[in-house]
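A.B. asks: What follows is a protein structure lacking sequence information:
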């Protein structure tokens, strides 16, 4: 796919994807509670579609005498949530995924489930998928889990808490990264009637089953980051992000304060969030901490590169175990336009802008996407500054935002062909 610049002074309406984070949690609650409630505005992202399909297959084939293969592709959330679900669901299961999934650590979650009585065996490398799971009814009680690798491990166990006979007392250890995602899990659980509360590192979930109630999935704040990026890179851009509202349970709402430093203002409207280009403070070196907003790194790194903004990026260690190693991938791709994205240590990168960005209209630029939806959506807006670029495997955006390219074409910001 070729993307070329079109209009740097746009005024358009954009429809975001629904939050797959909210959708996937709501689907797991519906499965645990055996509920029939309506989930409105459910995400059409590949990850959510895959989770729905796998849950349906699990419920249909639980009586199989041989291990049923449950394939999660490269959907990390789906795999992590299903590890716990299958450990507590009587049957024999082989939980697997793509080659990249087999490189993503799962040991901290499995160790916690082992301590709760789960029967889970590694079939290849210890600490990594695939997993052979002999599902049974777990009792609950006290457990400890590390947050070092991912908050999704804790969310996975918490979602099971209300249906355990003894409830759950979960103690969090390690680096408290991505806590907003954990708090979102608890908020959605409480929406469905769970008694679940966090006091710093201790979370207590009472043995009180989920209750049937409707749930409306909100627009995805993570997806909004790429549109914030485009406004920041524009001369006088304005966008209405349809149905996006502040005071969200999604932690990535923090991007408002971050992108303010890069020249993006906001105004909440009834119909959505209005974002617009403002003045940046000149000649300031910026520093960003991604411990609680890891999904924003691709958009912010690309944005700083396009603006010629020097910046430090901290709290990025866990990005090495995402759909791809995002820090290494950004380092490679930004180098193609003359930008140095250098590793200081595993948790700290420094962006030194190019004296002059490579002109994509004079020199062919092809951005690899590494099978990673956020890489594709973050790199495409750079054509506002370099003129033209090829996006390799643009279809990867379907993982979280299937309609991204159509929205981009309709917005008149860039041409997609």
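C.D. replies: Received the coordinates, thanks. Because the structure is a prediction, the values reported are computed rather than measured.

A.B. asks: use CA for all of it now, contacts and neighbours both
C.D. replies: Will do.

A.B. asks: From the chain's centroid, how far away is the helix or strand residue 22 falls within?
C.D. replies: Using DSSP states H and E, residue 22 falls within helix 20-33. Chain-centre distance of helix 20-33: 15 Å, with C-alpha atoms, centre = their mean, to the nearest Å.

A.B. asks: State the mean pLDDT of that helix.
C.D. replies: Mean pLDDT, helix 20-33: 97.

A.B. asks: after it, next one along is what?
C.D. replies: Where DSSP H and E defines the elements, the next helix or strand beyond helix 20-33 is strand 39-40.

A.B. asks: Point out the other elements, helices or strands, that that following strand touches.
C.D. replies: strand 215-216 (3 or more C-alpha pairs under 8 Å, 6 or more residues apart in numbering; DSSP states H and E).

A.B. asks: packing partners for the following helix or strand past the strand it packs on?
C.D. replies: On the C-terminal side of strand 215-216, the nearest following helix or strand under DSSP H and E is helix 221-233. On a contact count with 3+ C-alpha pairs under 8 Å, 6+ apart, helix 221-233 meets strand 238-242, helix 255-260, strand 264-269, strand 272-277, helix 297-307, helix 373-379, helix 383-386.

A.B. asks: Check the offset of helix 221-233 from the chain's centre.
C.D. replies: 15 Å.

A.B. asks: Buried residues, stretch 291-305. List them.
C.D. replies: Residues of stretch 291-305 classed as buried by neighbour count (16 or more other C-alpha atoms under 10 Å): 291-305.

A.B. asks: So what's the predicted local confidence for the closest residue in space to residue 378 that isn't next to it in sequence?
C.D. replies: Sequence neighbours aside, residue 299 is the residue nearest to residue 378 in space, at 4.6 Å (criterion: C-alpha to C-alpha, 6 or more residues apart in numbering). Note on residue 299: pLDDT of 97.

A.B. asks: quick one: residue 299 from residue 380, how far?
C.D. replies: Residue 299 is 10 Å from residue 380, where distance means C-alpha to C-alpha, to the nearest Å.

A.B. asks: how close does the closest residue to residue 65 other than its chain neighbours get to residue 70?
C.D. replies: Excluding its sequence neighbours, the residue lying closest to residue 65 (C-alpha to C-alpha, 6+ apart) is residue 92, at 7.4 Å. Residue 92 sits 10 Å away from residue 70, going by C-alpha to C-alpha.

A.B. asks: does residue 161 count as helix, strand or coil?
C.D. replies: helix (DSSP: H, G, I helix; E, B strand; the rest coil).

A.B. asks: List the residues that contact it.
C.D. replies: With contacts defined as C-alpha atoms under 8 Å, 6 or more residues apart in numbering, residue 161 is in contact with 140, 167-168, 205-207.

A.B. asks: before we move on, what about residue 19?
C.D. replies: With C-alpha under 8 Å, 6+ apart, residue 19 has these contacts: 42-43, 217-222.

A.B. asks: quick one: which of those is nearest residue 323?
C.D. replies: Residue 323 lies nearest to residue 222 out of the contacts of residue 19, by C-alpha to C-alpha, at 15.2 Å.

A.B. asks: Can you list the neighbours in contact with the host helix or strand of residue 203?
C.D. replies: Following DSSP H and E, one finds residue 203 within strand 202-205. For strand 202-205, the surrounding residues in contact (C-alpha under 8 Å, 6+ apart) are 158, 161-162, 167-172, 194-198.

A.B. asks: what do you get if the cut-off is 10 Å, keeping everything else the same?
C.D. replies: Strand 202-205 has contacts (C-alpha atoms under 10 Å, 6 or more residues apart in numbering) with 140-142, 144, 154, 158-164, 166-173, 186, 189, 194-198.

A.B. asks: still on that earlier bit, if I look at residue 92 and residue 70, which residues touch both of them?
C.D. replies: residue 86.

A.B. asks: List phi and psi for residue 392.
C.D. replies: The phi/psi pair for residue 392 (degrees, to the nearest 10) reads phi -80, psi 130.

A.B. asks: what about the residue nearest to it when sequence neighbours are not counted, neighbour count?
C.D. replies: Excluding the flanking residues, the one nearest residue 392 by C-alpha to C-alpha, 6+ apart is residue 368, at 5.2 Å. Neighbourhood size, residue 368 [other C-alpha atoms under 10 Å]: 19.

A.B. asks: List the contacts of residue 368.
C.D. replies: Shown in contact with residue 368 (C-alpha under 10 Å, 6+ apart): 329-330, 332-333, 375-376, 379, 390-394.

A.B. asks: one step back: ok, the residue nearest to residue 378 - contacts?
C.D. replies: Residue 299 neighbours (C-alpha under 10 Å, 6+ apart): 222-230, 305, 374-382.

A.B. asks: try 7 Å
C.D. replies: By C-alpha atoms under 7 Å, 6 or more residues apart in numbering, the contact list for residue 299 reads 225-226, 229, 378.
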